[in-house]
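Enquirer: coords below, sequence missing:
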Ligand SMILES: [Zn+2]
């Protein structure tokens, strides 16, 4: 059965870094994926102005989404790093709930609001708002103005969370056939790949250590480093779970129902 997947990201490359292979697999299997990006990434560069960056990011986000088969992209345009000030969680929850009630997803995917070591305030803000929106979008008394406008309450059965730590992961997706497309999608986020490598170089310099693959590297020559990093991370998750490459998530499905429905198994979406 074809399902609707709705991804809530803080930044344009969040989905590709954490779930790019899974998204490609979802769309290849006929599931429809929509992406909401809350901020415009206007602080994600050491070399471009905020205006130059906003223009570049818009193109990069749409190109990568197209490569992964995403059929709808919604950019909310808040400033990078200032989401919690510009749109606090209760307000963002209402915006996300409206999108859920419009697109009626079976599955939502976002940052984990209960992950203890998440450093980025935009990730924490999106995580809290998306979790609350998906948990309560079927309650008609939440944001009743939307119901009065004609939108219907909508029940979200599955919430998938990006999980950086193996401690939190309970769903593993074999992306062996999709790791190349994940990496190609990341390359399309060119400004952010340059940023990622430049950030590594600052850490390298501050550490006083030597990493031969990074020594003297021009951040614009990011492909080999990104390729190696992604293969290392997804390869480690894969090896621990019987695959060549895998992505791990924390997934909640249908509340307590799978436990109550004895001797029955839910089908896997991907
Ligand atoms: Zn991010």
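Expert: Nice, I can see it. None of these values were measured; they are calculated from a predicted model.
Enquirer: roughly how far apart are residue 83 and residue 68?
Expert: For residue 83, the distance to residue 68 equals 23 Å [Cβ to Cβ, to the nearest Å]. To be clear about C-beta, it is placed using only N, CA and C from the backbone, and glycine gets the same treatment.
Enquirer: How about residue 124?
Expert: Distance, residue 124 to residue 68, by Cβ to Cβ: 25 Å.
Enquirer: neighbour count winner among these two?
Expert: With neighbours defined as other Cβ atoms under 10 Å, residue 124 and residue 68 compare such that residue 68 has more, 26 against 19.
Enquirer: Need the pLDDT of that one.
Expert: In this model, residue 68 is scored at 98, pLDDT.
Enquirer: from memory it sits against residue 24, does it?
Expert: Yes - the pair residue 68 and residue 24 qualifies as a contact (Cβ atoms under 8 Å) at a distance of 5.0 Å.
Enquirer: shared neighbours, the two?
Expert: Shared contacts of residue 68 and residue 24 (Cβ atoms under 8 Å, 6 or more residues apart in numbering): 181, 185.
Enquirer: need the contact list for residue 248.
Expert: Applying Cβ under 8 Å, 6+ apart to residue 248 gives the contacts 163, 166, 169, 171, 172, 173, 237, 241.
Enquirer: any idea which element residue 252 lies in?
Expert: Applying DSSP states H and E as the criterion places residue 252 in strand 246-253.
Enquirer: So among the contacts of residue 248, which ones count as buried?
Expert: Among the contacts of residue 248, those scoring as buried are 163, 169, 171, 172, 173, 237 (criterion: 16 or more other Cβ atoms under 10 Å).
Enquirer: Now, those residues that are in strands?
Expert: Among the buried ones among the contacts of residue 248, the ones falling in strands (DSSP state E) are 171, 172, 173.
Enquirer: which one among those residues gets closest to the ion?
Expert: Ranked by distance to the ion (Cβ to the ion), these are led by residue 173 at 20.0 Å.
Enquirer: I'd assumed residue 245 was in contact with the closest one.
Expert: No - at 9.6 Å, residue 173 and residue 245 do not qualify as touching, with contact defined as Cβ under 8 Å.
Enquirer: gap between residue 167 and residue 107?
Expert: Separation of residue 167 from residue 107 (Cβ to Cβ): 22 Å.
Enquirer: Ignore what I typed, I meant residue 146.
Expert: Distance, residue 146 to residue 107, by Cβ to Cβ: 21 Å.
Enquirer: ok, residue 246 touching residue 177?
Expert: No - at 11.4 Å, residue 246 and residue 177 do not qualify as touching, with contact defined as Cβ under 8 Å.
Enquirer: These two: which has the busier surroundings?
Expert: residue 246 (25 against 13).
Enquirer: Give me the sheet partners of the helix or strand where residue 35 lies and which way each runs.
Expert: When elements are assigned from DSSP H and E, residue 35 belongs to strand 32-39. Paired with strand 32-39 in the same sheet, following DSSP bridges, are strand 4-9 (parallel), strand 72-78 (parallel).
Enquirer: Show the average pLDDT along that strand.
Expert: Per-residue pLDDT over strand 32-39 has a mean of 98.
Enquirer: what angle do the next helix-or-strand element following that strand and strand 32-39 make?
Expert: Downstream of strand 32-39, the next assigned helix or strand under DSSP H and E is helix 50-68. Angle of helix 50-68 versus strand 32-39, following axes from the mean of the first three to the mean of the last three Cα atoms, to 10 degrees, is 170 degrees.
Enquirer: residues in contact with residue 97?
Expert: Residue 97 makes contacts with 133, 136, 137, 142, 143, 146, as judged by Cβ under 8 Å, 6+ apart.
Enquirer: again, only this time at 10 Å
Expert: Residues in contact with residue 97 (Cβ atoms under 10 Å, 6 or more residues apart in numbering) are 129-130, 132-137, 139, 142-143, 146, 151, 153-154.
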